[in-house]
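What shape does this take:
(one chain, ligands or ions: 1)
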Amino acid sequence: MNEIEAKIKTLRKEVEQHNYNYYVLSAPTISDYVFDERLKELQILENAHPEYADPYSPTQRVGSDLSKEFEQVTHTYPMLSLGNTYSEDEVREFYNRTMRLLNEPFELVAELKYDGTSISLIYEHGRLTHAITRGDGTRGDDVTSNVKTIRSIPLILMGEHYPDAFEIRGEILLPWAEFDRLNKEREEQEEPLFANPRNAAAGTLKQQNAAIVSSRKLDAYLYYLLGDNLPADTHYDNLQIARTWGFKIPDVIRRCCTLDDVFSYLAYWDVERKNLPVATDGVVLKVNSLLQQRNLGFTAKSPRWAIAYKFQAEKAVTRLDFVTFQVGRTGAVTPVANLDPVVLSGTTIKRASLHNADIIEGLDLHIGDYVYVEKGGEIIPKITGVDTEVRTMLMGDKVRFITQCPECGAFLVRPAGESAHYCPNESGCPPQIKGRIEHFVSRKAMDIHIGPETVEDLYNAGYIKNIADLYTLNLPDLLRLERWADKSARNLMDSLEESKTVPFERVLFALGIRYVGETVAKRLAYAFLNIEQLQQASLESLMQVNEIGERIARSVLDYFAHEDNTTIVKRLARYGLQMRVDQTILSDRSDTLNGLSIVVSGTFTKHSRDEYKAMIEQHGGKCSSSVSGKTNYILAGDHIGPAKLEKATKLGVKIINEDEFLNILEE
Ligand code: IVH
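Numbers count the residues shown, from 1 in each chain. Just a heads-up that it's a prediction; the model follows:
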């Protein structure tokens, strides 16, 4: 082994050890900054010496942008579910039945039931070879490349005493903090929110882009070892041993010798689980001895040696006062229950979403009803039932879904197969118009510096009725408005002018075509190159674009089939917005900047700031707005802020100018 190869191997070991300390033990021994330095050093060495590439290197955990259909794999051992119960009596029955069937003393292991998405990890000769989702229990999706991005899952095991081949199962989870961060980001981008961390984890795992998975910071807790040559003959001991191989095995699992032990575990965790970083929805009880497990066997659906006790979701009863209907940017109408205030898990609830007409119908809801409000893993409380006993005497009107839009009076439509009602008056319904304008000006779209109140003012003043009208605004008109000073008016004019350099893919995103988010907009832009070709695209040619399915394709067709929309697009082009992909960006896409985080700051002469940002992304790099220990380069133009410069110098981040940057790309 030569010196370089040896250095690479040592660095890999070192980085993985720090990953383990940080993500499994939650006890880092070095600073994030030093860690990033090591990882960077390794990445640079690997880039320079592709002959020593290794899919198990920690650098592979950043994931690749290459999308890949998931392969279906048959599970060696089917992934069964567990019998569920909400009652302590049934736990007692489970215990007594087990005693009867075994007819000998036994031990139970109590552990938390993690509320994520289950995964089966297969290790061969100490290396992670496959990660398979549950699927239908018999066959699942091979999501190995996504799972490899989860830092707490070992790619290579520690120690030596693991079986040559085994499976370990567990739950992939999105910690609460990450879930909140992700939803906040989605809210900003007007993408639909995840209802709970479970959906978010499952959705993330099915992402086609491992780089996105990597950025979401999933975690994995493991709870079940399977194989022919397991190290011990009890479940509990196997898990303790698996911990020494580097797995994150929860340390809150307990052996219980009596039913009292079990009940005190249930009582303790029903309360204490609220302080955990991840979602849990119950306790799983398993017979500890593997021999006894085998003797008990399985029913068709689940093992006889285990049961899941589910915690009751927190519930309150309150009065339904009235129902309002909200119209969103897309025209979707959401019914909202307005309630007598009631306290639930420490927060006062006054409103709850009723989701759609079917839910209202299913509940047979009447005004004045006393309703059950629950807050499970969901962020928005929901109404789960009606106390019909109280109702008999003072029944109010039945709640009916409205037929006309509360904002513009248009008759609502309900597309076949959908549960939502929509207001079809896209170009005349105020919340839809204002919503589209807010989306258009948002940071990730055209980045025009105005907030929702300003949009409201300009709309009310009659200055803007659609996104194109923004470009007809002028200083004298603005100054005639209340609260507008010379400075703010000029700022708006400047930022409108600047928005004319925003690249085509972002313009496309800004149009607000349903289902066309940032990523889809990019794909469409690069596939069709300009607005004319996109406008003329057929259903088939749209669906040929990677990851564009029929739903998106139809939505694009629909958009351009409306004359209101094509008129707006024509006007935007006339005002000078970018309607074609910049050739300099297109000419060479590569992964030269893979894994590098770059901050672009200042003003440039050869390309605009936005063009540089696009180039970075085209070449596999990541743009970030603030300098941190994770930044690899600052691409600095003129007038870069002194604070940024100082921070960069302090952190030792390399500063490059535009020529140096373009040179890197050339190489
Ligand atoms: S044991 C054959 N232990 O709950 C038994 N499952 O309905 C294998 N789960 O599919 C599962 N925490 O996704 C087990 N500590 C735990 C668990 C757990 C969560 C999930 C798992 C399983 C489902 C059972």
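
what sits against Leu496?
If a contact means Cβ atoms under 8 Å, 6 or more residues apart in numbering, then Leu496 has Ile448, Leu470, Tyr471, Leu473 as its contacts. Placement of C-beta: from N, CA and C, glycine included.

Now do the end-to-end distance for stretch 279-292.
Criterion Cα to Cα, to the nearest Å; first-to-last residue distance in stretch 279-292 is 31 Å.

Helix or strand with the lowest mean pLDDT in this structure?
Among the helices and strands of the chain, helix 583-587 carries the lowest confidence by mean pLDDT, DSSP states H and E, at a mean of 67.

Quick one: distance of the next helix or strand after it to the chain centre.
Using DSSP states H and E, the helix or strand that follows helix 583-587 in sequence is strand 597-601. Mean-position distance between strand 597-601 and its chain equals 24 Å (Cα atoms, centre = their mean, to the nearest Å).

same thing with stretch 354-368?
29 Å.

and that stretch, average pLDDT?
For stretch 354-368, the mean pLDDT works out to 91.

Next, the buried residues of that stretch.
Using 16 or more other Cβ atoms under 10 Å as the test for burial, stretch 354-368 gives Leu354, His355, Asn356, Ala357, Ile359, Ile360, Leu363, Leu365, His366.

With distance to the ligand and secondary structure as added columns, please give these in TSV.
Below are the buried residues of stretch 354-368 laid out as TSV (distance: Cβ to the nearest ligand atom, whole Å; DSSP: H, G, I helix; E, B strand; the rest coil):
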residue	distance to the ligand	secondary structure
Leu354	29	coil
His355	25	coil
Asn356	28	coil
Ala357	32	helix
Ile359	25	helix
Ile360	31	helix
Leu363	27	helix
Leu365	31	coil
His366	36	strand
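
residues in the protein within reach of the ligand, list them.
80-82, 111, 113-114, 118, 171, 223-224, 284, 303, 306, 308 (Cβ under 6 Å from any ligand atom).

Most neighbours among those, please name it.
Tyr114 (26 neighbours; other Cβ atoms under 10 Å).

if I read this right, it contacts Ile172, doesn't it?
No. Look at Tyr114 against Ile172 with Cβ atoms under 8 Å: they stay out of range, at 9.0 Å.

Which residue does the chain have closest to the ligand?
Of all residues in the chain, Ser118 sits closest to the ligand, at 3.1 Å by Cβ to the nearest ligand atom.

Checking my notes, that residue in a strand, right?
Yes. Under DSSP: H, G, I helix; E, B strand; the rest coil, Ser118 falls within a strand.

Look at Lys650 and report its pLDDT.
So, for Lys650, pLDDT stands at 83.

start the count at 457, not 1, going forward
Got it, the first residue is 457 from now on, which makes the last one we talked about Lys1106.

Pull the number of nearby residues for it.
Neighbours of Lys1106 (other Cβ under 10 Å): 9.

State the distance from it to Leu937.
Using Cβ to Cβ, to the nearest Å, Lys1106 is found at 44 Å from Leu937.

ditto for Thr910
Thr910 sits 10 Å away from Leu937, going by Cβ to Cβ.

If you count surrounding residues, which of these two has more?
Comparing Thr910 with Leu937 by other Cβ under 10 Å, the one with more neighbours is Thr910, at 19 against 15.

Figure out the helix or strand that that one lives in.
Going by DSSP H and E, Thr910 is in helix 908-916.

Output the contacting helices and strands for that helix.
Judged by 3 or more Cβ pairs under 8 Å, 6 or more residues apart in numbering; DSSP states H and E, helix 908-916 is in contact with helix 886-897.

The residue lying closest to Gly1093 once chain neighbours are set aside - how many residues pack around it?
Computed as Cβ to Cβ, 6 or more residues apart in numbering, the closest residue to Gly1093 that is not its neighbour in sequence is Gly1058, at 3.1 Å. Other residues lying near Gly1058 total 17 when counted by other Cβ under 10 Å.

My guess is Gly1058 contacts Ile1090. True?
No. Using Cβ under 8 Å, Gly1058 is not in contact with Ile1090; the gap is 9.0 Å.

Now do the shared contacts for the two.
Shared contacts of Gly1058 and Ile1090, counting by Cβ under 8 Å, 6+ apart, come down to Ile1096.

Give me the buried positions along the host helix or strand of Asp716.
Element membership for Asp716, per DSSP H and E: helix 715-728. Buried residues in helix 715-728, counted by 16+ other Cβ under 10 Å: Leu715, Val718, Phe719, Tyr721, Leu722, Trp725.

Can you name the next helix or strand after that helix?
Next along the chain from helix 715-728, counting by DSSP H and E, comes strand 736-743.

How far does that next one sit from its chain's centre?
Using Cα atoms, centre = their mean, the offset of strand 736-743 from its chain centre is 26 Å.

Okay, now the sheet partners of that strand, with direction.
strand 564-570 (antiparallel), strand 762-766 (antiparallel) (DSSP bridges).

okay, the angle between the first one and helix 715-728?
Here strand 564-570 points in a direction 20 degrees away from that of helix 715-728 (axes from the mean of the first three to the mean of the last three Cα atoms, to 10 degrees).

Any chance you could list what contacts strand 564-570?
551, 626-627, 629, 677, 679, 691-692, 706, 708-712, 717-718, 721-722, 725, 729, 732, 734-744, 764-766.

Now the buried members of these.
551, 626-627, 629, 677, 679, 691-692, 706, 709-710, 712, 718, 721-722, 725, 729, 734-744, 764-765.

what sits against Val897?
Asp903, Ile904, His905, Ile906, Val911, Leu926.
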